[in-house]
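**Student:** Starting from these lines, generate the structure:
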Amino acid sequence: MTDVDQQPSTAAAAAEAERAMAPELVANSFGDYLRAAFNRVRAGDSGVLPVVAGLLIISALFQSLNSHFLTAGNLVNLLIQGAVYMLLAMGEIFALLLGEIDLSIGFVSGVGGIIMAELVKQSFDWPWWAAIAVALIACAAIGALQGTIITRFGLPSFVVTLAGLLGWQGVMLLILGKGGSLPINNKIINDIASGNLTPLASWLVMIAIVGLFGLNLWLHDSRRRKHGLVAPPVSVTLLKIGGAAVAGFVVVLMCNTNRGTLVTIQGMPYVVLIVLAVLTMWTLLLGRTKFGRYMYAIGGNPEAARRAGVNLKTIRTVAFTLCSFTAGIAGIVYASRLQSVSTSLDGGTLVLYAVAAAVIGGTSLFGGRGKPIHAVLGGLVIAAIDNGMGLQGYSGAAQKVVTALVLLAAVTIDAFAHRGRAAR
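**Tutor:** You can find the predicted model right below:
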């Protein structure tokens, strides 16, 4: 074949490669950015579009069945209900990014809640902050132990964390006794899930959050443009900041609407701020640090990452540590919401919902693709299904069937996208 014959095919391959690039790589204007993003969707990389579309469809469906679904009170309650799913899913993402799984986080979260409850009860009477700190450190230690066993002995994460699921459930039974429970009488801890900011404080906090987000995003993109690095057009940066401002305004307006009956209940729930704080921490960790780049590299191609000098064992161990640490946060929120801990905690269902939330949100089961925001969106989908079907009076069995169908659809989309990327 002559050079002349090769030229068209080479040009076509280059054009296809350009279409598969991130929008920032080929966009000099807002229009270019949209065209590049559209080409990525056509190539199978749909990002968060499926889960956003799913949320809109679910909301429209349940609102048509029950006009109470989209009321401010119910939506805020939905955020509180979904907080545990979101937090657990954000922890699970650290394992999924590596192409691994952690089946133990449901009962690890329960162990964290029990440790906190034991330390604040009257016989110990620890300060609330110390009890929470010890509980989180204990959960992180559990993750480090399991991660060390997986990486140093080369055991499958499925088997090790399945053993953890059984083992930590046994630890809960040993501490509380079969069928036992332990109430939490500390007001500060109970307010984590049931307390609210004042309406004024809600506005001030949201303005500060949006302001910091916008400033950080603007400085980051501007710095990259200044040094000739890949960055989206200025119009796209401004659009992202504007979108965050609108979302913050809607959330605060919704939370500041009175959702009480006998008493006035207004303001943003503390648990929403906790979810936002964890989302911010892990987004920065995975998106702006060397550790995050190594995580994606290992998930995408572990052998290539090893040859590039990445310490696979250390990164994997830290990932499982962060997974269990985040599960501890979820366990504290769960205990706060119930104002008690008990052996009735269904850690098996919680971990399945955590994996489902991450995958539904857009995290790949094949490793290398996923963000903490995917866990938040997926957790909202699961909470919306539970909440909406609960309003309609459907049984728990029906809720699980619908959740299973949504999960199956998400995995199918992920599988087709993975095949498309592999073919390219």
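**Student:** residues contacting Leu136?
**Tutor:** Neighbouring residues of Leu136 by C-beta atoms under 8 Å, 6 or more residues apart in numbering: 112, 325, 328-329, 332. The way it works is simple: take the backbone N, C-alpha and C, and place the C-beta from them, glycine included.
**Student:** Make TSV from those and add secondary structure and neighbour count to it.
**Tutor:** Shown next, in TSV, are the contacts of Leu136 (DSSP: H, G, I helix; E, B strand; the rest coil; neighbours: other C-beta atoms under 10 Å):
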residue	secondary structure	neighbour count
Gly112	helix	31
Phe325	helix	23
Gly328	helix	30
Ile329	helix	26
Ile332	helix	28
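**Student:** where exactly do the strands run in the protein?
**Tutor:** Taking DSSP state E as the test, the strands found in the chain are 181-183, 340-342.
**Student:** Let me have these in a markdown table, adding mean pLDDT as columns.
**Tutor:** Shown next, in a markdown table, are these (pLDDT from 0 to 100):
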| stretch | mean pLDDT |
| --- | --- |
| strand 181-183 | 91 |
| strand 340-342 | 92 |
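**Student:** Which of the ones you listed sits closest to Trp168?
**Tutor:** Trp168 lies closest, by C-beta to C-beta, to one member of these: strand 340-342, at 13.2 Å.
**Student:** who does that closest one touch, helix- and strand-wise?
**Tutor:** Judged by 3 or more C-beta pairs under 8 Å, 6 or more residues apart in numbering; DSSP states H and E, the packing partners of strand 340-342 are helix 105-120, strand 181-183.
**Student:** helices and strands around the first one, which ones?
**Tutor:** With contacts taken as 3+ C-beta pairs under 8 Å, 6+ apart, helix 105-120 sits against helix 72-96, helix 128-153, helix 157-176, strand 181-183, helix 312-338, strand 340-342, helix 347-361.
**Student:** tilt between the second one and helix 105-120?
**Tutor:** Read that as helix 128-153. Our comparison of helix 128-153 with helix 105-120, counting by axes from the mean of the first three to the mean of the last three C-alpha atoms, to 10 degrees, yields an angle of 140 degrees.
**Student:** Pro269 is nearest to which of the helices and strands packed on helix 105-120?
**Tutor:** Pro269 lies closest to helix 72-96 among these, at 5.7 Å (C-beta to C-beta).
**Student:** List the buried residues in the closest one.
**Tutor:** For helix 72-96, a neighbour-count test (16 or more other C-beta atoms under 10 Å) marks 74-76, 78-96 as buried.
**Student:** Over to stretch 292-301?
**Tutor:** 292, 294-300.
**Student:** list the contacts for Met172?
**Tutor:** For Met172, the contact set (C-beta under 8 Å, 6+ apart) comprises 107, 110-111, 114, 343, 345.
**Student:** Also Val381?
**Tutor:** By C-beta under 8 Å, 6+ apart, Val381 lies in contact with 51, 54-55, 58, 357, 360-361, 406.
**Student:** one more time with 7 Å, if that's ok
**Tutor:** 51, 54-55, 58, 360, 406 (C-beta atoms under 7 Å, 6 or more residues apart in numbering).
**Student:** Which of the residues you listed ranks first by neighbour count?
**Tutor:** Sorting the contacts of Val381 by how many neighbours each has (other C-beta atoms under 10 Å) puts Ile360 first, at 32 neighbours.
**Student:** Compare the helices and strands packed on strand 340-342 and say which comes out lowest on pLDDT.
**Tutor:** Mean pLDDT across those is lowest at strand 181-183; the value there is a mean of 91.
**Student:** hmm, back to that, ok, which pair from the contacts of Met172 is furthest apart?
**Tutor:** Spanning the widest gap among the contacts of Met172 are Val111 and Thr343, at 11.6 Å by C-beta to C-beta.
**Student:** who has more neighbours, the two?
**Tutor:** The neighbour count for Val111 versus Thr343, taken as other C-beta under 10 Å, is higher for Val111 (27 against 18).
**Student:** Just confirm Ala144 contacts Thr317, I think it does.
**Tutor:** Yes. Here Ala144 reaches Thr317: they are 6.3 Å apart, a contact under C-beta atoms under 7 Å.
**Student:** Identify each buried residue in stretch 147-156, please.
**Tutor:** For stretch 147-156, a neighbour-count test (16+ other C-beta under 10 Å) marks 147-151 as buried.
**Student:** Turn those residues into JSON lines, including pLDDT and distance to Asp102.
**Tutor:** Shown next, in JSON lines, are the buried residues of stretch 147-156 (pLDDT from 0 to 100; distance: C-beta to C-beta, whole Å):
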{"residue": "Gly147", "pLDDT": "96", "distance to Asp102": "9"}
{"residue": "Thr148", "pLDDT": "96", "distance to Asp102": "14"}
{"residue": "Ile149", "pLDDT": "96", "distance to Asp102": "12"}
{"residue": "Ile150", "pLDDT": "96", "distance to Asp102": "9"}
{"residue": "Thr151", "pLDDT": "94", "distance to Asp102": "13"}
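**Student:** one step back: out of the helices and strands packed on helix 105-120, which comes closest to Gly368?
**Tutor:** Gly368 lies closest to helix 72-96 among the helices and strands packed on helix 105-120, at 9.5 Å (C-beta to C-beta).
**Student:** between the closest one and helix 128-153, what angle do the directions make?
**Tutor:** Using the same axes, to 10 degrees: helix 72-96 against helix 128-153 is 30 degrees.
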